[in-house]
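Chemist: give me a 3D structure for the following:
(2 chains)
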Amino acid sequence: MTPAEALVAAEAPMGAPMRGAPVEPVVLAVEDIRKSFPGGRRVLAGASFAVGKGEAVALLGANGAGKSTLLRCCLRLIEPDSGRIELLGADIRALRGARLRAQRARVGFVFQRHNLVPRLSALSNVLHGALARGAGAAAWFQATAPKRLRAEALDCLDRVGLADSAAMRADRLSGGQSQRVAVARALMQRAEIVLADEPVASLDPAAGEEVMALFAELNAREGLTFLFTTHSIEHALGYARRAIALKDGRVAIDAPRAELDPVSLRDFYERSS
Amino acid sequence: MIPPAPPSASLNPSAAPPPRFARPDLPSFVAWVLFLGLIVSAFKGTGFSAEDFLAGLPGIARIAGEMFPPSLERLDKVGLALVETFHMALIGTFAGVILSLPLAVLATRHLTPHAALYHAARATIAFFRTVPDLIWALIFVIAVGLGPFAGTLAIMIDTIGFCGRFFAEAMEETDRAPQEALGAIGAGRSSVIAAAVVPAALPSMLATSLFALEKATRSSVVLGLVGAGGIGIELQVSMELFRYAEASTIILAILVLVIAVEQAGAWLRRRTI
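Modeler: Sure, this is the predicted structure:
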């Protein structure tokens, strides 16, 4: 019986979850994170998991399961109510001001909607990744950036296959291209881990596959640690080495890809929604 | 297909039609009475008289007759005064736009570093907007003496009041997603403003700046009447000495300048926004 089948058979989502062992060393450890929003809506109710260096991990769950909130809590874009998050060796909840910014700078965050600055070129948007490294005003616009930074940004665009579109305005790129520019921005950051919040949700299927393949390639080729949320069981099983499923704000499944199968995961989804 | 309307004789609705006008309640009735009383009082207060207006028509006709043909005798001096007027408008607007940028950032709710600074910036902008530019000109004539510098300072303050408010509104209306993305990678406040907020608000800010220049051009004509430089003083002297032909030349020159600035502004807006 697979972990998902076991969970479905037991019909006990609030019980002890199946645990998948992260690869050592651990770069992200989430322990007992809880978060409720005004009005008393509880989104996270004690979620715990860990991600090891170089892993590609999918975070699954029905709408409202707490995937996006959990991912944003990891970077303190949303403040959790309680629990502990150790990110790249630091207790992220204990950091403030410049130290929090410095820790965030080591993490790439890819949003559902690329979140590029629309009127700036693809190259300028990629350059913004260098803001994470304290480049300051030199990384605001490609026109005023030093030669070394421009070359590095162009190289990042090249790594996502968009060097030819460096001068194009972000609002004139396709959805898939825009998301690839967002990935290039994370590469420019020299991020040690990339968190991606439904990175292909706003893309058509072909562009979505293209972006997921890019993440998988960067993970395999460059050892980039990658944690992404998705609704797609196919993406979770196709591009992640491990899948974590949330239900009612807690981790219900945490298992390596080899132990999961699409049928039981779909069943889990149906029961969760 | 829409069925044809039945003949009016056959219309027989089951309910009576509602009244064309709702009967006002007591507060509305009192408000209407007060409003009408105010209008009547204002007519009396301003000495508004159709009889006097009709009596003055021959005078207007006589002045109009003496204005044509316009005199070209002092065309060189009028030209120089016109250039000075435009210089006042240009520099006053330029300085005003530059100075209103930091004030607008402080007056933008999600960008201001502190609530007290937000309220202080909003109050300053409101004060600059509320005091008419002619009053500012009178103050600066006393402070720095007669001449175009006083007028330029008056235009600058007026522009800060105008642009500060609209720049702040443009910044508040920008898409927060790219700003959140830069914040997520550890960019500081100044980088977020320069690299994400200003590029997004730029079209609106540019349009506002061009409107400010048009407004300043019209203002700079009037400021001369209080000795703050520009072509206004030339017009005042011509009118006081009953040199109506010369006055018509000045009025036509002002018309050309204002139309030229408006057309240039409209062209620039079309090209850049």
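Chemist: spit out the contact partners of residue B:182.
Modeler: Going by CB atoms under 8 Å, 6 or more residues apart in numbering or on different chains, residue B:182 touches A:128, A:131, B:191, B:192, B:195, B:196. The C-beta positions use only the backbone N, C-alpha and C, and glycine is treated the same way.
Chemist: sort out for me which of those are in helices.
Modeler: B:191, B:192 (DSSP state H).
Chemist: where's the dip in pLDDT among the contacts of residue B:182?
Modeler: Across these, the bottom pLDDT score, 88, is held by residue A:131.
Chemist: quick one, what contacts the closest residue to that one other than its chain neighbours?
Modeler: Of all residues not flanking residue A:131 in the chain, residue B:187 sits nearest, at 4.0 Å (CB to CB, 6 or more residues apart in numbering or on different chains). With contact taken as CB under 8 Å, 6+ apart, residue B:187 is in contact with A:101, A:128, A:131, A:132, B:195.
Chemist: same check, this time on residue A:234
Modeler: Applying CB under 8 Å, 6+ apart, the residues near residue A:234 are residue A:262.
Chemist: which SS state does it fall under?
Modeler: Secondary structure assignment for residue A:234 (DSSP: H, G, I helix; E, B strand; the rest coil): helix.
Chemist: ok, back up a step: can you tell me which of the contacts of residue B:187 has the most neighbours?
Modeler: Using other CB atoms under 10 Å in any protein chain shown as the neighbour criterion, residue A:128 leads the contacts of residue B:187 with 29 neighbours.
Chemist: which residue sits closest to residue A:134, ignoring its sequence neighbours?
Modeler: In space, residue A:134 is closest to residue A:105, 7.9 Å off (CB to CB, 6+ apart).
Chemist: and the one you found, how many neighbours?
Modeler: By other CB under 10 Å, 22 other residues sit near residue A:105.
Chemist: please apply the same query to residue B:264.
Modeler: Using other CB under 10 Å, residue B:264 is surrounded by 13 other residues.
Chemist: on the pLDDT front, check residue 86 for me.
Modeler: Reading this off chain A. 93.
Chemist: not quite, I wanted chain B
Modeler: Value for residue B:86, per-residue pLDDT: 92.
Chemist: work out for me the element it sits within.
Modeler: Using DSSP states H and E, residue B:86 sits in helix B:75-106.
Chemist: now swap in residue A:65 and tell me
Modeler: Residue A:65 belongs to no helix or strand when assigned by DSSP H and E.
Chemist: where along the chain do the helices fall?
Modeler: Reading this off chain A. Under DSSP H, chain A gives helices at A:3-10, A:67-74, A:97-104, A:122-127, A:147-159, A:175-188, A:205-222, A:233-239, A:262-272.
Chemist: right idea, wrong chain: chain B
Modeler: For chain B, the helices defined by DSSP H cover B:26-45, B:50-67, B:75-106, B:115-130, B:133-144, B:148-172, B:176-184, B:189-192, B:198-223, B:232-240, B:244-272.
Chemist: circling back: most packed of the helices of chain A?
Modeler: Across the helices of chain A, averaging neighbours per residue (mean count of other CB atoms under 10 Å in any protein chain shown) puts helix A:122-127 on top, at a mean of 29.
Chemist: so can I have JSON lines of the contacts of residue B:182 showing distance to residue A:40?
Modeler: Shown next, in JSON lines, are the contacts of residue B:182 (distance: CB to CB, whole Å):
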{"residue": "A:128", "distance to residue A:40": "38"}
{"residue": "A:131", "distance to residue A:40": "37"}
{"residue": "B:191", "distance to residue A:40": "37"}
{"residue": "B:192", "distance to residue A:40": "32"}
{"residue": "B:195", "distance to residue A:40": "38"}
{"residue": "B:196", "distance to residue A:40": "34"}
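Chemist: nearest to residue A:206, of the contacts of residue B:182?
Modeler: residue A:128 (27.2 Å; CB to CB).
Chemist: surely the closest one touches residue A:141?
Modeler: No. Judged on CB atoms under 8 Å, residue A:128 makes no contact with residue A:141 at a distance of 9.5 Å.
Chemist: I'd say residue B:236 and residue B:227 touch.
Modeler: No. Look at residue B:236 against residue B:227 with CB under 8 Å: they stay out of range, at 9.5 Å.
Chemist: mind checking which of the helices of chain A is nearest residue B:57?
Modeler: Across the helices of chain A, closest to residue B:57 is helix A:122-127 (CB to CB), at 63.1 Å.
Chemist: helices or strands next to the closest one in the packing?
Modeler: Packing partners of helix A:122-127 (3 or more CB pairs under 8 Å, 6 or more residues apart in numbering or on different chains; DSSP states H and E): helix A:147-159, helix A:175-188.
Chemist: of those, which is nearest chain B?
Modeler: Checking these against chain B by CB to the nearest CB gives helix A:175-188 as the closest, at 7.5 Å.
Chemist: show me the contacts for residue A:61.
Modeler: Contacts for residue A:61 (CB under 8 Å, 6+ apart) come out as A:67, A:229, A:245, A:246, A:247, A:272.
Chemist: swap the cut-off to 6 Å and go again
Modeler: The contact partners of residue A:61, by CB atoms under 6 Å, 6 or more residues apart in numbering or on different chains, come to A:67, A:245, A:246.
Chemist: I'd assumed residue A:57 was in contact with the first one.
Modeler: No. Contact status for residue A:67 versus residue A:57: not in contact, 12.0 Å apart, counting by CB atoms under 6 Å.
Chemist: got the residues of the stretch 1-150 of chain A near chain B?
Modeler: By CB under 6 Å from any CB of the partner chain, the residues of the stretch 1-150 of chain A that approach chain B are A:75, A:77, A:101, A:104-105, A:109, A:115, A:117, A:119-120, A:128, A:131-132, A:140.
Chemist: quick one on the thing from earlier: now mean pLDDT too, for the helices of chain A, in JSON lines please.
Modeler: Listed next are those as JSON lines, based on pLDDT from 0 to 100:
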{"stretch": "helix A:3-10", "mean pLDDT": "41"}
{"stretch": "helix A:67-74", "mean pLDDT": "91"}
{"stretch": "helix A:97-104", "mean pLDDT": "88"}
{"stretch": "helix A:122-127", "mean pLDDT": "94"}
{"stretch": "helix A:147-159", "mean pLDDT": "91"}
{"stretch": "helix A:175-188", "mean pLDDT": "88"}
{"stretch": "helix A:205-222", "mean pLDDT": "83"}
{"stretch": "helix A:233-239", "mean pLDDT": "86"}
{"stretch": "helix A:262-272", "mean pLDDT": "78"}
